[in-house]
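Visitor: A structural model of the following input is requested.
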Amino acid sequence: MFDNNENFNKFKNKDNDITLRYEKNEKKPLIFNLIDLLKVVTKTNDLEQEKLDLLAEKKFRNSINLTKELNEWYKEEEIKIAEGILEELFKNYSRIKKLSNNELLSAIDYALSEIYQKKITQKQIAERHNISVYKLREARTSIAPFILIKFFYKLFLSDEEINSNKEKTYIFKVNSNYFKNYWSKLELLESQTLDVLHEVIQQIMEFNNYFKDHLYSFFMSGKIWDSDTQYSVPSEYQEYCSAKKTTSPLKELNLGYTQRFLYLYDFGECLKYTITVIGIGIYHKNKKYPYIVQ
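Guide: Prediction:
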């Protein structure tokens, strides 16, 4: 181990040219020597991992030819939409890298069949790509947050509604993680927030006695305690755990069609609800938002 008065050997990384030196007359505690060394090793490892990820992403990209894989079932302009979807997915490569080529292709195929309302079953799509229906559903769910919801407008809206100045709405299905038959459908304006979604869930799930008494979070990946996708209150808790604000409008969250995310209420009891984006709507003056569909 290095002495306080002993020169630190030069550490040099060929890629980022990191150099650390210790002067003989510098009296620095040993613990700081170790921390400095750890920082160098950590940074080097991070850079190496980043390079490996870039190489893996490039290899993954080159292995997928959507035109070759999908032209038997889709038109050229439809495949261009698939290419746009694939580009969005690669912007989030770290979240999809666990998918195999067949799983990724099947998920894109499934999304295209929804967008263009193809008359095909999940089983048929799964068979095209030699995977199970379970794997197909799992892959489709995993890519849902990264497909822009505008691709699915025509599933729910007329051309007139799409081009109108009326505000769009999100339709959610809220399921209890404890009681399978305990669910509800809600419709919120795209300008409304996760706080509003929290309040209406409180109402329909009859938590009025606890309203605003406990912490709550939304995890947009669907995974509990995933800090990268966490939206929480109150503000002091956001500072503590680096969570994002629940005051953000829904339209800024880049929600995807069929995306599932988790609502957690009361960090002691850990009451969990799965929320799924099941549709898009448009503002109607006869509805009061948030609107309880059923």
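
Visitor: what about Leu136, how many neighbours?
Guide: By other C-beta atoms under 10 Å, the residues close to Leu136 number 23. (C-beta placed from N, C-alpha, C; glycine too.)

Visitor: do Glu167 as well
Guide: 14.

Visitor: I'd guessed it sits against Ser191; true?
Guide: Yes - if you go by C-beta atoms under 8 Å, Glu167 and Ser191 touch, sitting 6.3 Å apart.

Visitor: what residues are up against Ile85?
Guide: Contact partners of Ile85, counting by C-beta atoms under 8 Å, 6 or more residues apart in numbering, are Ile108, Ala111, Leu112, Ile143, Ile147, Phe151.

Visitor: any idea where the strands of the protein begin and end?
Guide: 168-176, 183-189, 216-219, 230-233, 244-245, 260-265, 271-282, 291-292 (DSSP state E).

Visitor: of all these, which one is nearest Ala139?
Guide: strand 260-265 (13.3 Å; C-beta to C-beta).

Visitor: ok, residues contacting that closest one?
Guide: Residues contacting strand 260-265 (C-beta under 8 Å, 6+ apart): 141, 144, 174, 197-198, 201-202, 207, 210, 214, 216-224, 229, 270-277.

Visitor: now stretch 156-172
Guide: 153-154, 185-191, 197, 250-251, 255, 275-283, 289, 291, 293.

Visitor: what pLDDT, on average, does that stretch get?
Guide: Mean pLDDT, stretch 156-172: 94.

Visitor: so how far is the first residue of it from its last?
Guide: End-to-end distance for stretch 156-172: 14 Å, by C-alpha to C-alpha, to the nearest Å.

Visitor: tell me the pLDDT at Ser176?
Guide: For Ser176, the model assigns a pLDDT of 87.

Visitor: that one: what's its closest spatial neighbour, skipping adjacent residues?
Guide: Tyr182 (3.9 Å; C-beta to C-beta, 6 or more residues apart in numbering).

Visitor: okay, now that neighbour: neighbour count?
Guide: 13.
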